[in-house]
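Visitor: what would the 3D arrangement of this be:
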Amino acid sequence: MANTPSLENKTLSSAWDGLSPHLIASIYQIERTESGAYARTKNTDPDIVQTPFSEASMEISLNWQSAFEHSGPENRAPTLLAMLQSGALQPIIDAVAGFAGDGSSEGLLRGIATNAQQESNRFIRQFEGRTGITKLNSTQVFNGMPPVKFQVTALFRAWRDPYAEVEAPFEKLMSWSLPVKLSPDGSILARSVNSARGETGFIDALVPSIAPVLVALRYKKRTYAPLVIESVTDPISSPIDVEGRFIEKAVPMTLATLTAIDRDDWTNYRKVEI
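Guide: Model (predicted):
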């Protein structure tokens, strides 16, 4: 049976009685421990947002590039090589050679021009249908990868209490996605003066704001962590009750891993928790 919201277990969710618990995702805040691992913040923020996903996908982009792609002769003289390979240079040579032959009154010069035109035609025809692309300059090399993206749509709807089942879990997701605190003072000079006076610490003067928190996603008995919430869409046109409280929301979200992942990370993601 799906969990229902209560103050005891700090679960923020709609009532999903009868729905398989494997289809309900759990999102909760995590933090780095002294050992370097990540653990749930049970003391500072024990809330868990639970919601089924009407849509969910994971996208892994791998950046492969042809590092030698621009090392061929086409990049040194692109127009000339293109005209040679396509045969577009042939009419130009014919026109120039024909003009030189017709404009000369001497038969000897006319014959030289004709022979030169024939030789140039044979030479230029060798370039038609050829290319400078080789296996070397078309070889792809791995040039890194961005973090893994999770595109999901979280569904909330109210049966009993619109605030507890729709608005409270959405507000918690929004609070996790936003910076914890942004400094109102934009001048590092002013903060440095306060630090010199002993009013603030050096760290507060240099980096005064606090970034958004890290979260974990547990879905279909698989846990993905650490993640950051990159975007949250608030469908403000969703239906409301007579008091103006939302009774349903389908919330598109984008979550991303904190870093790029390797094979070991993927193996851990695919482990099914019993």
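Visitor: my read: residue 152 touches residue 53, true?
Guide: Yes - counting by Cβ atoms under 8 Å, residue 152 touches residue 53, with 4.9 Å between them. Quick note: C-beta positions are derived from backbone N, CA and C, even for glycine.
Visitor: mutual contacts of these two, please.
Guide: residue 25 (Cβ atoms under 8 Å, 6 or more residues apart in numbering).
Visitor: so who does residue 261 touch?
Guide: Contacts of residue 261 (Cβ under 8 Å, 6+ apart): 60, 147-148, 269.
Visitor: burial measure for residue 249, as a count.
Guide: 23 (other Cβ atoms under 10 Å).
Visitor: if you could redo that for residue 141, that was the one I meant.
Guide: Count around residue 141 with other Cβ under 10 Å applied: 10.
Visitor: burial count for the nearest residue to it once chain neighbours are set aside?
Guide: Among residues not flanking residue 141 along the chain, residue 67 sits closest, at 5.0 Å (Cβ to Cβ, 6 or more residues apart in numbering). By other Cβ under 10 Å, the residues close to residue 67 number 13.
Visitor: in contact with residue 67, which residues?
Guide: 139, 141, 143.
Visitor: could you do residue 269 as well?
Guide: 222-224, 261.
Visitor: out of these, list just those in strands.
Guide: Using DSSP state E, the subset of the contacts of residue 269 located in strands is 222-224.
Visitor: looking at the residues you listed, state which has the most neighbours.
Guide: residue 224 (20 neighbours).
Visitor: sec struct for the residue nearest to that residue when sequence neighbours are not counted, please.
Guide: Ranked by Cβ to Cβ, 6+ apart and with sequence neighbours excluded, the top spatial neighbour of residue 224 is residue 217, at 4.6 Å. Following DSSP: H, G, I helix; E, B strand; the rest coil, the label given to residue 217 is strand.
Visitor: ok, now the one 10 residues further on?
Guide: Local secondary structure at residue 227 is given as strand here, using three-state DSSP.
Visitor: which element is the closest residue to it other than its chain neighbours on?
Guide: Computed as Cβ to Cβ, 6+ apart, the closest residue to residue 227 that is not its neighbour in sequence is residue 255, at 4.7 Å. Secondary structure assignment for residue 255, by DSSP states H and E: strand 248-257.
Visitor: note down every partner strand of that strand and its orientation.
Guide: In the sheet, strand 248-257 lines up against strand 149-157 (antiparallel), strand 222-232 (antiparallel) (DSSP bridges).
Visitor: helices along the protein, start to end?
Guide: Along the chain, counting by DSSP state H, helices occupy 78-86, 90-102, 107-125, 162, 168-177, 188-196, 202-206, 263-269.
Visitor: the closest residue to residue 219 other than its chain neighbours: neighbour count?
Guide: Distances taken as Cβ to Cβ, 6+ apart put residue 25 closest to residue 219, at 4.2 Å, once the chain neighbours are dropped. Number of residues near residue 25 (other Cβ under 10 Å) recorded here: 21.
Visitor: how close does residue 25 sit to residue 260?
Guide: According to Cβ to Cβ, to the nearest Å, residue 25 and residue 260 sit 23 Å apart.
Visitor: now residue 177
Guide: 21 Å.
Visitor: more neighbours: these two, which one.
Guide: Neighbour count, other Cβ under 10 Å: between residue 177 and residue 260, residue 177 has more, with 18 against 15.
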